[in-house]
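**Student:** Please work out how this folds:
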Amino acid sequence: MITTFAAALNTGLRRAMEDEPKVVLLGEDIGKLGGVFRVTDTLQKDFGDNRVIDTPLAESGIVGTAFGMALRGYRPVVEIQFDGFVYPAFDQIVSQVAKIHYRTGGKVKAPLTIRIPFGGGIGAVEHHSESPEVYFAHTAGLRVVSPSTPADAYHMLRQAISLDDPVVFFEPKRRYWDKADVDFHSEPDLPLHKARVLTEGTDATVLAYGDTVATALTAAKIAGEEGNSIEVIDLRGLSPLDVDTIAESVDKTGRLVIVHEAPVFAGLGAEIAARITERCFYHLEAPVLRVGGYDIPYPPAKLEKHHLPDPDRILAAVDRCLAA
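**Tutor:** From the prediction side, this is the model:
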């Protein structure tokens with residue numbers, strides 16, 4: 001079935017709520033309005049306002065309430081309306097949610113999924129186009145994932161909700177309206193944190209996640225027209241990392257370019273670059289390179305196209321690798 005990324009998430013939430021009565025949704029304007037991106041559209045009408053709960057504008061309270069519900073046997077799914085709004089809830093997530101497993105020696109479960117639209121490209125105002133994923137990937141006790149396609153959005157969300165661990169689920173908001181075929185009756189073809197090889201190549205590996213996967217595929221297509229064979233990998237799981245799939249590709253191509261919207265300084269790409277350099281040192285033909293946002297607060301909407309990684313910047317990094 002051809003569907004949008006947002007509609008795939010909606011179907012994933014609907015199926016999870018049908019399968020498990022303990023799944024409840026909490027967030028700002030998710031009920032009557034259906035969410036600012038309409039991801040929860042019609043769910044309150046179909047499941048009632050005791051399972052799709054419109055909350056006050058208080059992210060710390062939303063996550064704290066959901067955490068308490070998770071401790072009492074529910075499976076809450078929280079929507080943080082925009083990425084820049086998650087910071088008031090940071091204390092709850094890092095100080096409480098992430099630590100409950102270790103604090104209790106694994107005796108207490110916290111099946112909590114925190115959905116966060118992230119990234120730029122929609123011309124939004126301040127605090128509405130952030131890339132905070134590395135804060136959570138750095139925090140022990142949290143699973144962090146980001147789908148890039150409608151099919152992965154559907155399957156990965158259902159996988160996340162079914163886990164007994166807290167999951168931070170980053171949704172690339174620029175892809176909400178992308179359309180693709182989704183088989184809603186199939187089982188997931190990969191575990192939640194397994195990376196996916198999208199295109200086979202021999203000259204260089206380009207690794208991306210979230211919104212930048214589509215950009216990487218465009219760059220690989222252009223590179224192919226220029227005679228260079230690029231292998232593109234969708235990371236999918238940000239923590240824990242599927243280093244094995246990346247290393248297998250780099251052992252073959254000898255080169256790696258990592259792409260993400262967040263600034264490259266101390267970003268997720270730095271951790272991946274360090275691990276691949278340690279593991280694949282004798283197979284590398286060039287230094288691992290990173291392409292990302294600049295080390296500045298997210299710029300005004302009229303300047304964001306200059307801030308976001310584009311195919312030209314990715315291809316320039318590929319050329320540097322190939323020239324080494």
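
**Student:** what about residue 26, which helix or strand?
**Tutor:** strand 23-27 (DSSP states H and E).

**Student:** List the strands paired with that strand, with their directions.
**Tutor:** strand 52-54 (parallel), strand 75-79 (parallel) (DSSP bridges).

**Student:** which other residues reach the first one?
**Tutor:** Outside of strand 52-54, the residues within contact range by CB atoms under 8 Å, 6 or more residues apart in numbering are 24-32, 40, 43-44. For glycine as for every other residue, the C-beta is placed from the backbone atoms N, C-alpha and C.

**Student:** Okay, strands next: where are they in the stretch 51-200 of the chain?
**Tutor:** 52-54, 75-79, 113-118, 143-145, 167-172, 179-181, 196-199 (DSSP state E, counting those that start in this stretch).

**Student:** Reformat those strands into JSON lines and put mean pLDDT, mean neighbour count and distance to residue 158 next to each item.
**Tutor:** As requested, the strands of the stretch 51-200 of the chain are exported to JSON lines (pLDDT from 0 to 100; neighbours: other CB atoms under 10 Å; distance: least, CB to CB, whole Å):
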{"stretch": "strand 52-54", "mean pLDDT": "98", "mean neighbour count": "20", "distance to residue 158": "17"}
{"stretch": "strand 75-79", "mean pLDDT": "98", "mean neighbour count": "26", "distance to residue 158": "11"}
{"stretch": "strand 113-118", "mean pLDDT": "98", "mean neighbour count": "27", "distance to residue 158": "10"}
{"stretch": "strand 143-145", "mean pLDDT": "98", "mean neighbour count": "25", "distance to residue 158": "12"}
{"stretch": "strand 167-172", "mean pLDDT": "98", "mean neighbour count": "26", "distance to residue 158": "11"}
{"stretch": "strand 179-181", "mean pLDDT": "97", "mean neighbour count": "13", "distance to residue 158": "17"}
{"stretch": "strand 196-199", "mean pLDDT": "98", "mean neighbour count": "16", "distance to residue 158": "17"}
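
**Student:** Can you add distance to residue 261 and give those strands back as CSV?
**Tutor:** Shown next, in CSV, are those (distance: least, CB to CB, whole Å):
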stretch, distance to residue 261
strand 52-54, 30
strand 75-79, 20
strand 113-118, 8
strand 143-145, 15
strand 167-172, 9
strand 179-181, 21
strand 196-199, 18
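
**Student:** So for residue 61, which of the ones you listed sits nearest?
**Tutor:** strand 75-79 (10.8 Å; CB to CB).

**Student:** For the closest one, list the C-alpha coordinates in PDB.
**Tutor:** Provided in PDB are the C-alpha atoms of strand 75-79 (Å, rounded to 0.1, in the frame of the first residue of the first chain):
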ATOM      1  CA  ARG A  75       3.100   1.100  27.600                       C
ATOM      2  CA  PRO A  76       3.000   4.800  27.100                       C
ATOM      3  CA  VAL A  77       4.000   6.500  23.900                       C
ATOM      4  CA  VAL A  78       4.900  10.200  24.300                       C
ATOM      5  CA  GLU A  79       4.900  12.700  21.600                       C
END
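
**Student:** ok and that strand relative to strand 113-118, angle-wise?
**Tutor:** 20 degrees (axes from the mean of the first three to the mean of the last three CA atoms, to 10 degrees).

**Student:** I'd like to check what contacts strand 75-79. Which residues are they?
**Tutor:** By CB under 8 Å, 6+ apart, the surrounding residues in contact with strand 75-79 are 13, 16, 20, 22-28, 30, 35, 39-40, 62-63, 66-67, 69-70, 111-115, 161.

**Student:** average pLDDT for stretch 316-324?
**Tutor:** The pLDDT scores in stretch 316-324 average 95.

**Student:** Now it: buried residues?
**Tutor:** 317-318, 321 (16 or more other CB atoms under 10 Å).

**Student:** Any stretches of the stretch 201-324 of the chain with poor pLDDT?
**Tutor:** Counting by pLDDT under 70, the stretch 201-324 of the chain shows no low-confidence range.

**Student:** need the helices for it, in chain order.
**Tutor:** 212-225, 243-253, 268-280, 304-307, 311-323 (DSSP state H, counting those that start in this stretch).

**Student:** most packed of the ones you listed?
**Tutor:** helix 212-225 (a mean of 20; mean count of other CB atoms under 10 Å).

**Student:** Give me the packing partners of it, helices and strands only.
**Tutor:** The contact analysis (3 or more CB pairs under 8 Å, 6 or more residues apart in numbering; DSSP states H and E) places helix 212-225 against strand 196-199, strand 204-208, strand 230-234, strand 256-263, helix 311-323.

**Student:** TSV for the ones you listed, including distance to residue 224?
**Tutor:** Listed next are the helices and strands packed on helix 212-225 as TSV, based on distance: least, CB to CB, whole Å:
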stretch	distance to residue 224
strand 196-199	9
strand 204-208	12
strand 230-234	7
strand 256-263	15
helix 311-323	11
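
**Student:** Quick one: closest of those to residue 130.
**Tutor:** Nearest of the helices and strands packed on helix 212-225 (CB to CB): strand 256-263, 8.6 Å.
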